[in-house]
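Fold the following and give me the result.
(one chain, ligands or ions: 2)
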Amino acid sequence: MNTGEVIRAYELAKERYAKIGVDTDQVLKELEKIKLSIHCWQGDDVKGFLFPGQELTGGISVSGNYPGKAKTPQQLRQDLSKALSLIPGKHKVQLHAIYADTDEKVDLNELEPRHFTSWVDWAKEEGIGLDFNGTFFSHPKSASGFTLSSPDQKIREFWIEHGRRSRKIAEYFGKELEQQSVNNFWVPDGYKDNPIDKQSPRERLIEALDEIMAEEIDEKYTIEALEGKLFGTGVESFTVGSHEFYMAYALTRGKLWTVDAGHFHPTEDPSDKFSAFLPFGKGLMLHVSRPVRWDSDHVVILDEALIRITQSLVRDQQLDKVNIGLDFFDATINRIAAWVIGSRNTIKGILMGMLAPIEDLKAAELAGDYTKRLAVTEALKTYPIGAVWDYYCVKHNVPLEEDWLADVQHYEKEELFTRN
Ligand SMILES: C[C@H](O)[C@H](O)[C@@H](O)C(=O)CO
Ligand SMILES: [Mn+2]
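Residues are numbered from 1 along each chain as shown. Ligands and ions are numbered 1, 2, ... in the order given. Sure, this is the predicted structure:
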């Protein structure tokens, strides 16, 4: 489609939506405000650069061996820039601590903001923000399966220091990039088999987190988010940082609660958590992911689960209290395409949520008119969202659905396949 065709299709779609009271121009203005927090670790299968020979641990795994993964910080930034050029809007990128860019031999408890200056320079060039994650896995000191809740004080102290340093790095991001940097905490701690004592590890985790958070840091620059999980592979029976644990921690400490869509029982609907937590809590961080039977971290597609999440955010007016991060890693496909597909789908999901006569539907629901609620929501599924999306892409100078893949394939040939 050429630009003229896109505009004509948009004008027709605009009229169609106007008939049900939806102003598409206004919707696109709102959509522009959406900032995803795109995870850097899709670009190199969660390897990072600090510990080259280290295997991925912590009960998470990446399958696949697609050629061309980023092996240096420069390559990862170049790949991220390519992906960002194909995703409409201005976003953020989330780093893990293992993505420090330095020639020094530095351990996780020694990291400083200066080890991330090249990332900040790059973010300034891109005009984007940076979020952060301490890396509490893939390290000899997490080999016992315990980090912040370890019964070994020395191990605990190592990870507490890492947590403290992660806050200083996130603060630095916030100051330099003039926007709050969310600092996400996820630890893999837990047992494969049934424990006798569940209380002590949780008490140790509370104490360790409190020590990490002891220093007051201006929230203008950074805020912590805490990510719970039902289980990980090898940690099937007991996870110290469960959902209830972190929800309570976040509520009592004024922090964000992280909802990773892959971290729940498959019959649970993560989107249902938002309206239960937000009336009490400061806000949420999301890790939008696609669990296939388990926390498999598949690339996000425009499926029912994603739409439930994005519809909740829009319908319950939660967008200003929720940071929309992504978390998936697939090494069986082109990694840049993975970022582009997952990010574009998440934005499309939000657009889908916005392109609805929400007030009208709320009124119908309140009046007990569930027939109208069902009829209209079903009808909306075949409304011309694609035409609105195409127009949004053109407005933001990014390729249409049928065009971006050729761009990625060209980059793959010229750049990714030349890497050994
Ligand atoms: C890289 C991980 O996915 C990430 O740190 C964490 O957010 C997670 O989801 C672990 O399952
Ligand atoms: Mn996650």
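
Pull up the residues of the stretch 201-350 of the chain that are close to ligand 1.
With the criterion set to Cβ under 6 Å from any ligand atom, the stretch 201-350 of the chain comes near ligand 1 through 227, 229, 260, 287, 295, 327. For the C-beta atoms, the positions are set from N, CA and C on the backbone; glycine is no exception.

ok, residue 386 to ligand 1 distance?
For residue 386, the distance to ligand 1 equals 31 Å [Cβ to the nearest ligand atom, to the nearest Å].

no, scratch that, I was asking about residue 119
Remark: distance between residue 119 and ligand 1 (Cβ to the nearest ligand atom) = 17 Å.

Does anything pack onto the helix or strand containing that residue? Which helices or strands?
With secondary structure defined by DSSP states H and E, residue 119 is part of helix 117-126. Packed against helix 117-126 by the contact rule (3 or more Cβ pairs under 8 Å, 6 or more residues apart in numbering; DSSP states H and E) you find helix 73-84, strand 129-133, helix 153-177.

As CSV, could you dump the C-alpha coordinates of the second one?
If I follow you right, that is strand 129-133. Coordinates of the C-alpha atoms in strand 129-133 are reproduced here as CSV (Å, rounded to 0.1, in the frame of the first residue of the first chain):
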residue,chain,number,x,y,z
GLY,A,129,14.7,6.2,28.6
LEU,A,130,16.4,3.3,30.3
ASP,A,131,15.0,0.9,32.9
PHE,A,132,17.1,-1.5,34.9
ASN,A,133,17.2,-5.0,36.4
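
Might one say that residue 45 is in contact with residue 69?
Yes: using Cβ atoms under 8 Å, residue 45 makes contact with residue 69 at a distance of 6.0 Å.

give me the number of residues near the closest residue to ligand 1 within the stretch 301-420 of the chain?
Distances from the stretch 301-420 of the chain to ligand 1, computed as Cβ to the nearest ligand atom, single out residue 327 as the nearest residue at 4.8 Å. Residue 327 has 28 neighbours, counted by other Cβ atoms under 10 Å.

and it, backbone torsions?
When read as degrees, to the nearest 10, the backbone of residue 327 gives phi -150, psi 90.

ok, it touching residue 290?
No: Residue 327 is not in contact with residue 290 according to Cβ under 8 Å; the separation is 9.9 Å.

Need the residues touching each of these two.
262, 297 (Cβ atoms under 8 Å, 6 or more residues apart in numbering).

returning to what we had before: any idea which of the residues of the stretch 201-350 of the chain next to ligand 1 is the one closest to residue 119?
Nearest to residue 119 out of these is residue 327 (Cβ to Cβ; 18.5 Å).

how about the nearest residue to the closest one once chain neighbours are set aside, secondary structure?
If you skip the residues right next to it in sequence, residue 327 has residue 287 as its closest partner in space, 3.6 Å away by Cβ to Cβ, 6 or more residues apart in numbering. Here residue 287 is recorded as strand under DSSP: H, G, I helix; E, B strand; the rest coil.
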